[in-house]
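Chemist: Sharing a sequence plus its predicted fold:
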Amino acid sequence: MLTKTLALASAAVTAALLFVSSAVAANISPSVWVKSCPNTACSNQTLLPRGTGVVMLCWGDYQYALGNYWSARWFVVYYGYGSGWVHSSYVYNQTSVGHCR
């Protein structure tokens, strides 16, 4: 039973990686902290270096913040080993994604 469960989990991870690798990646510039929520006061999860490829998952308009420009827009991005919120002004080559629900 454990072997079958591990095989199914492995297949699910492989499918997810294939999906993510086939998605068009946006890029981070400059280096930016991924946040736990769409607000500058939220905790930092990880620092993404300039040029890091990310997959944009969804967007939302929340706290206004000044990054590379002034905006209330934040994206949830997947960065290879996790996901979190990044202010829109730090995401280049943005792709079309739906609103976060």
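Modeler: Yep, that arrived.
Chemist: Please report how far G60 lies from S29.
Modeler: Distance, G60 to S29, using C-beta to C-beta, to the nearest Å: 21 Å. For every residue, glycine as well, the C-beta is placed using N, CA and C.
Chemist: How about S88?
Modeler: Counting by C-beta to C-beta - S88 and S29 are separated by 12 Å.
Chemist: In terms of neighbours, single out the busier of these two.
Modeler: S88 (20 against 17; other C-beta atoms under 10 Å).
Chemist: tell me the contacts of the more buried one?
Modeler: Going by C-beta atoms under 8 Å, 6 or more residues apart in numbering, S88 touches 59, 67, 71, 73-75, 94.
Chemist: and the longest strand for the chain?
Modeler: If each strand of the chain is counted by residues according to DSSP state E, the longest one is strand 53-66.
Chemist: Note down every partner strand of the helix or strand following that one and its orientation.
Modeler: Using DSSP states H and E, the helix or strand that follows strand 53-66 in sequence is strand 70-78. Each strand paired with strand 70-78, and its direction, by DSSP bridges: strand 53-66 (antiparallel), strand 83-87 (antiparallel).
Chemist: before we move on, the earlier item: what's the farthest-apart pair in the contacts of S88?
Modeler: W59 and G67 (14.5 Å; C-beta to C-beta).
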